[in-house]
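> Sequence unavailable; structure follows:
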Ligand SMILES: O=C(O)C(=O)C[C@H](O)C(=O)CO
Ligand SMILES: [Zn+2]
């Protein structure tokens, strides 16, 4: 059975305790050896998931919890490999996946099998799935095929490399957008200056973060900010009304995924840092 998150509205955040914020807007513990863990959200019906295959394959595809014959009957998805080499098989076609490769899974696929090459160095598969109204072919996007842009200013410790994988200019999808951002060595801020995009929700999965380090992730309306303390592998659900940015106590990276009204990556509203409270 999938865990469920209902999201919330800006007013909820104003009175939320730390525990309530974490239970509403985070998914923790999704990467467990030998397990597939999926969370259904009512934030544009984004499903977040983690899978760490060890000695046996992890398989999904049934649509019973979605009221459809198959999981992808009316959905599309992106599977990012954040760990060791793995193999994903979709309806009998094999996709060998290295670290930071992303597989786009198109609407209509029926069975997804996930394997690690080495159980001692397992793949960590991270899933974003959203409703889809069109068919696009399943396609592997290797890390060197992503479209990279550089952002930031060393004086503000926010230099980072942003790689677009599932994006109209790289690999077509219905409405899913997905990519990976790496802060540069010596920089700690991501998504700084912050922004809002009221027409798309966003999910983050932080990874390659040291066990003793944390990312301070900021959320909420710009004038009512709240923070979430993030450990490696934690996922964050960002409703369309929320800022989403963070600073790490050490090196890290994160996968971002979006869906909503459009795939216009530039359809966002900058939020002046000076306006944050
Ligand atoms: O560091 C960044 O800036 C990002 O990665 C931005 C995210 O991709 C995002 O929030 C897109 O809307
Ligand atoms: Zn964003």
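Thanks, I have it. None of these values were measured; they are calculated from a predicted model. Ligands and ions are numbered 1, 2, ... in the order given.

> Just give me how far the helix or strand hosting residue 161 sits from the chain centre.
Assigned by DSSP states H and E, residue 161 belongs to strand 160-166. With C-alpha atoms, centre = their mean, to the nearest Å as the basis, strand 160-166 stands 12 Å off its chain's centre.

> Name the residues that touch that strand?
Here strand 160-166 makes contact (C-beta atoms under 8 Å, 6 or more residues apart in numbering) with 78, 80, 102, 104, 141, 143, 145-152, 170-171, 173, 176-184, 187, 189-190, 257, 265. From N, CA and C alone the C-beta is placed, and that goes for glycine too.

> Give me the subset of those that also touch ligand 1.
Filtering these for proximity to ligand 1 by C-beta under 6 Å from any ligand atom leaves 151, 181, 190.

> For the stretch 151-277 of the chain, which residues are neighbours of ligand 1?
151, 160, 162, 181, 190, 191, 197, 202, 244, 256, 268.

> Just the buried subset of the ones next to ligand 1 among the contacts of strand 160-166, please.
Buried subset of those (neighbour count, 16 or more other C-beta atoms under 10 Å): 151, 181, 190.

> in which helix or strand would I find the second one?
Assigned by DSSP H and E, residue 181 belongs to strand 177-183.

> wait, what's in contact with whatever residue of the stretch 1-150 of the chain ends up closest to ligand 1?
Going by C-beta to the nearest ligand atom, ligand 1 is nearest to residue 149 of the stretch 1-150 of the chain, at 9.3 Å. Residues counted as contacts of residue 149 (C-beta under 8 Å, 6+ apart) are 161, 162, 164.

> Kindly report the same for residue 214.
229, 230, 231, 248, 249.

> Please convert the buried ones among the ones next to ligand 1 among the contacts of strand 160-166 to TSV, extending it with pLDDT and distance to residue 131.
TSV is the format used below for these (pLDDT from 0 to 100; distance: C-beta to C-beta, whole Å):
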residue	pLDDT	distance to residue 131
151	98	30
181	98	25
190	98	27
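
> Scan the contacts of residue 149 and report the most crowded one.
residue 164 (21 neighbours; other C-beta atoms under 10 Å).

> If that residue is in a bridge, with which residues?
With DSSP bridges applied, residue 164 shows beta-bridge pairing to residue 147, residue 179.
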